[in-house]
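K.L.:
structural data only, the sequence is not supplied:
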C-alpha cells in the first residue's frame, strides 16, 4: 500500500521520474527512461535570504508562440514532496527556449535567454535590490 508520490528528475535526463512511499516498506523509484532527446531546459532559482529556495517565484518560459508558466511551491502531494526547484520545462522539440522570465516573490523580475535545449540555467535573485525592467 502506498501513501505518497513525488516527482523529480532523478537521473537528470530531462524527464520526470517517480518516487512512491509505501507503508511499512522501502520507497520505490520508477525511472522514466524514454529516449526523448534534449527537448527540455532545467532552471534553478537562487533566491535571496531568507527565501533561498525562491518559494513563490513565477517562471515563464517562452518558446515560439507558446508560453509555459510554473510556480515554485512547497505544495505537492499527501505525505510527499516533489522537487520544487529546479523547474523542468519541456520545449516541444524546439532547439531552445527563446526567453525565460522569473518574477520574484519579493518583487522584481529577471529576464534571461535564449536557453539551448538540454541546458541548465541558474537564475539568481538580483543583488542589493537591483531589478530588471
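P.N.:
It's in. Bear in mind the structure is a predicted one, so any value in this text is a computation, not a measurement.
K.L.:
strands paired with the strand or helix carrying residue 43, and their directions?
P.N.:
When elements are assigned from DSSP states H and E, residue 43 belongs to strand 40-46. When sheet partners are counted by DSSP bridges, strand 40-46 sits next to strand 87-90 (antiparallel), strand 120-124 (parallel).
K.L.:
I'd like those strands as a markdown table, with mean pLDDT appended.
P.N.:
Formatted as a markdown table, those follow (pLDDT from 0 to 100):
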| stretch | mean pLDDT |
| --- | --- |
| strand 87-90 | 90 |
| strand 120-124 | 93 |
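K.L.:
most packed of these?
P.N.:
For the strands paired with strand 40-46, average neighbour numbers computed from mean count of other C-beta atoms under 10 Å are highest in strand 87-90, which has a mean of 20. Backbone N, C-alpha and C define where each C-beta goes, glycine included.
K.L.:
what's in contact with the helix or strand just after it?
P.N.:
Under the assignment DSSP H and E, the closest C-terminal helix or strand after strand 87-90 is strand 96-97. In this structure, residues lying in contact with strand 96-97 by C-beta atoms under 8 Å, 6 or more residues apart in numbering are 41, 61-63, 89, 91, 113-117.
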